[in-house]
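**Student:** Predicted model and sequence below, questions to follow.
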Amino acid sequence: MISTLHLRRRGADGAPAGDDPAGPGPRLVYGADYNPEQWPREVWEEDVRLMREAGVTLVSVAIFSWARLQPSATEWDFGWLDEVMDLLHGAGIAVDLATATASPPPWLTTAHPEILPVTADGTTLWPGARQHWRPTSPVFRAHALRLVREMALRYRDHPVLAAWHVNNELGCHNVYDHSDDAARAFREWLRVRYGTLEGLNHAWGTAFWSQRYGAWEEILPPRRAASHPNPTQQLDFKRFSSDALRDHLRAEREILREITPDVPVTTNFMVMGGTRGMNYPEWADEIDFVSNDHYVHPGPQDRDELSFSANLVSGIAGGRPWFLMEHSTSAVNWQPVNAAKRPGDLARDSLLHVAHGADAVCFFQWRQSAAGAEKYHSAMVPHAGPDSELFRAVTALGTTLRELAPVAGTDREAAPVGILYDWDSWWAAEQDSHPSSLLDYRQEALDWYSALLALGVRADLVTTRADLSRHRVLIAPVLHVVPAALAKELTRYAEQGGHLVTTYFSGVVDENDHVWLGGYPGALRELLGVRAEEFGPLAAGEGVALDDGTTGTLWTDRLTVTDPATEVLVRYADGVQAGRPAVTRRATGGGAAAYVSTRLGVDGLTRLLPRLLDPAGVGSELPEAARGRVETAVRRGPGGRFVFLVNRTDGTVPVTGQRGDLLVGTGGPDGTVVLGPREVAVLRQLADAR
Ligand code: GAL
C-alpha cells in the first residue's frame, strides 16, 4: 500500500509542482467532493478562487456524474469535465477523479431493470435515489466498466489527475442483494469455499431442520423465511456480499491499472457508526491507499466514536497514513434532527482524524447544493456564501493544516494497548436466535475505548491481520468467532508475555459458526482457565451487583475456575450467579489472560482497567490532571515524533510537562500546553525522530 505521499508527479497535497502557494514539500491534503455539474458555468470560476482562498489542494470530481457524462447508451459528453479539469489544473488544485459508476442513469435502469437490487423479502429497490445496482449483475458490470474505460482513456494524461476514486462508498445502500444474480454468484462463491456439497452441508449444519442440499441450484441467499434462516448461511451471505463488492472494486481497478499504471487507486470506506457490511481489513490490500468517510452520530460518546473510527481506519491501513475523504463541516441531512456543529468542532473533528493518521482532510462537499436530497447538508461554502462564520472556519483550518505539513507521511506509533476488532465476530455475534438479541459488538468495543480515554491511556484499534505482539495489553471484546489458528495465536501471545483481555460470548464458535464443545468460552477455555456451563443473559434494564461496587448488565456466565493459576478479580454479589467469578485473570508464561463475563459499561471498565493494566506496566502518559480530559495520539516519522493533544471537554485544560515545539496550539510556561475548549495542540519532538 502506498501513502498519499506518493500521489503521482506531485507533493503530498497533489498540487502541481511550482504552483503551490505553500511552497514545495509534502503537506496534508485539504479538499472536498466537488460537484460542478450542479452549478452554472459562472460559478466554477468563483469556486476555484474560493478554493485557493481556503487552502484547498485537492477535490474529488465526477462522483455522481454518470448521467451527465453518458446521456444515452451511445452518447458521451466529456466537454464540461474537460473544462473543469483544466480550470482546476490552472489553479494548482489536484483531482481525485471518480470513475462515476455510483449511480446508474435512468436510461440504463429503464433498458435494464434487471440490474436493480432486491431485498430479502423480494422488494425491488427502484431508481430515483442512488446506488440502485446489484453488485453481481453482469449487465451493470459491463456498463460500469465501459464507463471506467472511457474515463481512464480520456484523462490518462491529464496533468491534474492525482488519484482514482472507484465508485463511491461501495455497499452504502446496496450491500445485501437477494436477487437471482446474487443467488447465482453466491453458489459460485460457495463452491469455491467448500468445494463439495458435502463440505457445505457439514459447514451449514444442514442435518438440522431438514435443510440438506442435494444440488447447488437448490441453494438461495437467506431470503425472508418462515423462521430463523440457517445461521451459517447468513454468515456466509455476509462474507459473500462483502466479497461481491470487493470484486466490483477489483474489476474497476484492473482497468485503471491497465490504462494508468502510475495513478494510485482508492475507494472511500465507511468506517463509522453501525456500518458493518464491508469487511474492510480484507479490502485494504486492493487499493493503493485507504480512504474513509466519517460522520458524527450525535450521542454521549459521539467524539469517542469519531476517535474510535479514525483509529480503526488506521488499523485497517496498517498504521500507514490514510485519507479522510468525507466528513461534514457542520450539519448533515439524514438524521431525525440535524444540529449544526458548535464553534471549534469543525477543526477539532478534522484534527482528531489527523491525529489518528489521516494525511488528508476532505469534506462532503465543496458547495452546498441548492436542490436535491442533500440541500440541507452542510458544505465548505454554505448557502449563506463565503461571507459566513463557516467559511471563515474552513479557511482557518486550511491554514492550520499547512502548519501541520511536517506530519504528512508519518505513521502511527504503536500504543501500549491494542483493541482487536474482528468483522467475523461482529457479524456472527449479532445474528438471531442467540442467548440475547441485545448484544452490540461495536458498542462493547467502543466502551473499552472510552474507558481507556477516561484513564488517559493510548490504545490502537487493530485487526487480526496486525502484529499483535506490538501491544503489551490486547483487549478482544466479544471475540465470538475463534478458529483454531486464532486460539493458538492468542495463546502464544499470552505465553510470550502479552496480557490478553477478553469478554463474554468470546471463543464460542469456529469459523463455521459451530460451537466449540465442552463448555464456554470454547476455544479460549484453557487459556483463560475458566469454564461456563450456561450463559446467563440479562433482560433490558436488568443489572447485577459485583463485589467491587460495579454493576454488570446484558450478560453473565455460570462460571467456574478450572486452573489453579486463575485468580478471581471480581465476583457476582447478587443475582443467580451470586458468589461466582465475574472477572478472572490467569497468569501464563510471561503474560496473562483475563476474562470479563459481563457488560460493565464505560464507568465499570474505567474502574476495572487499572487492575488489568498495572500488571502489564501500562498506564497513562498524561499528567494526572489531564487524564480523561485530554486524548493523546502519536505519529512518528523521519521528521519527528508528533504528539497530538486533543481537549475532550468544553473547558480550558492545561497540560503540564510537555516536551517539543508546538506546531499548533498555545504554550504556557514550563512546558505547559494550554488547550482551549475542544482545542487540539500538536507537539513535534525532534530528538525522537525515526
Ligand atoms: C456519504 C456520501 C456522500 C454524501 C454524504 C452525506 O455517504 O458518500 O455522497 O451523501 O454521505 O453525508
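**Tutor:** That came in fine, so what should we check first? Because the structure is a prediction, the values reported are computed rather than measured.
**Student:** Show the residue spans covered by the helices in the stretch 401-550 of the chain.
**Tutor:** Counting by DSSP state H, counting those that start in this stretch, the stretch 401-550 of the chain has helices at residues 423-429, 441-455, 484-495, 525-528.
**Student:** Tell me how many other residues crowd the nearest residue to L524 once chain neighbours are set aside.
**Tutor:** What sits nearest to L524 in space, not counting adjacent residues and going by CB to CB, 6 or more residues apart in numbering, is G507, at 3.3 Å. For glycine as for every other residue, the C-beta is placed from the backbone atoms N, C-alpha and C. G507 has 26 neighbours, counted by other CB atoms under 10 Å.
**Student:** cool, and E37?
**Tutor:** 15.
**Student:** dump the residue contacts of it.
**Tutor:** S65, R68, W80 (CB atoms under 8 Å, 6 or more residues apart in numbering).
**Student:** Quick check: closest non-adjacent residue to the second one.
**Tutor:** Here the nearest residue to R68 in space, its sequence neighbours aside, is E37; by CB to CB, 6+ apart that works out to 5.0 Å.
**Student:** before we move on, back to that, so which of the contacts of E37 belong to strands?
**Tutor:** Members of these lying in strands (criterion: DSSP state E): none.
**Student:** Can you pull the poorly scored residue ranges out of the protein?
**Tutor:** For the chain, the stretches with pLDDT under 70 are 1-24, 688-690.
**Student:** Mind listing what's buried along the longest helix seen in the chain?
**Tutor:** Looking across the chain with DSSP state H, the single longest helix is helix 231-259. Residues of helix 231-259 classed as buried by neighbour count (16 or more other CB atoms under 10 Å): 231-249, 252-253, 255-257, 259.
**Student:** same deal with stretch 385-398?
**Tutor:** Buried residues in stretch 385-398 (16+ other CB under 10 Å): P386, L390, F391, A393, V394, T395, L397, G398.
**Student:** Backbone dihedrals for the residue nearest to the spatial centre of the chain, please?
**Tutor:** With distances taken as CA atoms, centre = their mean, the residue of the chain nearest its centroid is V271 (2.3 Å). Per-residue torsions, V271: phi -80, psi 100 (degrees, to the nearest 10).
**Student:** A593 too?
**Tutor:** phi -140, psi 120.
**Student:** Can we start the residue count at 4 from this point?
**Tutor:** Renumbered: residue one is now 4, and that last one reads A596.
**Student:** Now the stretch 254-403 of the chain against the ligand: closest residue?
**Tutor:** F367 (4.2 Å; CB to the nearest ligand atom).
**Student:** To the ligand, which of the helices of the stretch 404-553 of the chain lies closest?
**Tutor:** helix 444-458 (18.1 Å).
**Student:** and the closest one, what other elements does it pack with?
**Tutor:** helix 305-319, strand 420-423, helix 426-432, strand 462-465, helix 604-616 (3 or more CB pairs under 8 Å, 6 or more residues apart in numbering; DSSP states H and E).
**Student:** Does the first one reach the ligand?
**Tutor:** No - Helix 305-319 stays out of contact with the ligand when judged by CB under 6 Å from any ligand atom, the minimum separation being 13.6 Å.
**Student:** Specify the angle between that helix and helix 444-458 in degrees.
**Tutor:** If you take axes from the mean of the first three to the mean of the last three CA atoms, to 10 degrees, helix 305-319 sits at 110 degrees to helix 444-458.
**Student:** Buried ones in helix 305-319, by neighbour count?
**Tutor:** So, applying 16+ other CB under 10 Å, buried residues of helix 305-319: 306-319.
**Student:** who touches W219 in this structure?
**Tutor:** R190, L193, R194, L200.
**Student:** Just the buried residues out of the residues you listed, in ChimeraX syntax.
**Tutor:** ChimeraX command restricting those to the buried ones, with burial defined by 16+ other CB under 10 Å:
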select :190,193,200
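**Student:** a markdown table please, covering the contacts of W219 and showing distance to the ligand and secondary structure.
**Tutor:** Compiled in a markdown table, these are given as follows (distance: CB to the nearest ligand atom, whole Å; DSSP: H, G, I helix; E, B strand; the rest coil):
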| residue | distance to the ligand | secondary structure |
| --- | --- | --- |
| R190 | 31 | helix |
| L193 | 31 | helix |
| R194 | 34 | helix |
| L200 | 40 | helix |
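**Student:** Show me what from the protein comes close to the ligand.
**Tutor:** Within reach of the ligand by CB under 6 Å from any ligand atom, the chain has these residues: N171, E172, C175, D296, Y298, E329, V335, F367, E377, H380.
**Student:** unless I'm mixing things up, the last one is touching A334, no?
**Tutor:** Yes - between H380 and A334 there is a contact at 7.0 Å, judged by CB atoms under 8 Å.
**Student:** Tell me which of these two has more neighbours.
**Tutor:** Neighbour totals were compared for H380 and A334, and H380 leads with 20 against 15 (other CB under 10 Å).
**Student:** give me the number of residues near the residue of the stretch 554-693 of the chain at minimum distance from the ligand?
**Tutor:** Here the stretch 554-693 of the chain gets closest to the ligand at one residue, R681, 21.5 Å apart by CB to the nearest ligand atom. Burial of R681 is recorded as 21 neighbouring residues (other CB under 10 Å).
**Student:** In contact with the closest residue to E308 other than its chain neighbours: list those residues for me.
**Tutor:** Of all residues not flanking E308 in the chain, L449 sits nearest, at 6.1 Å (CB to CB, 6+ apart). By CB under 8 Å, 6+ apart, L449 lies in contact with Q304, D307, E308, F311.
**Student:** could these be laid out in TSV, adding distance to A431?
**Tutor:** Listed next are these as TSV, based on distance: CB to CB, whole Å:
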residue	distance to A431
Q304	24
D307	25
E308	22
F311	21
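**Student:** Which one of these is nearest to V87?
**Tutor:** E308 (35.2 Å; CB to CB).
**Student:** gap between that closest one and T466?
**Tutor:** 18 Å (CB to CB, to the nearest Å).
**Student:** just S509 next, same as before
**Tutor:** S509 is 16 Å from T466, by CB to CB.
**Student:** Which one's more surrounded, these two?
**Tutor:** More neighbours surround S509 than the other of S509 and T466, with 25 against 20 (other CB under 10 Å).
**Student:** still on that earlier bit, is it true that the residue of the stretch 254-403 of the chain closest to the ligand touches A334?
**Tutor:** No - at 11.9 Å, F367 does not count as touching A334 under the criterion of CB under 8 Å.
**Student:** what is in contact with the two at once?
**Tutor:** H380.
**Student:** For the residue of the stretch 104-253 of the chain at minimum distance from the ligand, which residues are in contact?
**Tutor:** Using CB to the nearest ligand atom, the closest approach of the stretch 104-253 of the chain to the ligand is made by E172 at 4.4 Å. Going by CB under 8 Å, 6+ apart, E172 touches A105, Q134, N271, F272, M273, D296.
**Student:** The closest residue to the second one other than its chain neighbours and L119, how far apart?
**Tutor:** Same thing as Q134. Leaving aside its chain neighbours, Q134 sits nearest to H176 (4.2 Å; criterion: CB to CB, 6+ apart). Distance, H176 to L119, by CB to CB: 12 Å.
**Student:** between these two, who's got more neighbours?
**Tutor:** Taking other CB under 10 Å, H176 and L119 do not tie; L119 has more neighbours (20 against 15).
**Student:** Surely the more buried one and L128 touch.
**Tutor:** Yes - L119 lies in contact with L128 (CB under 8 Å); the separation is 5.9 Å.
**Student:** Surely the residue nearest to Q134 forms part of a helix?
**Tutor:** No - according to DSSP: H, G, I helix; E, B strand; the rest coil, H176 belongs to no helix; its state is coil.
**Student:** mind giving me the domain split of the protein?
**Tutor:** For the chain, the structural domains run 6-192+227-413, 420-619, 627-688, going by automatic domain parsing.
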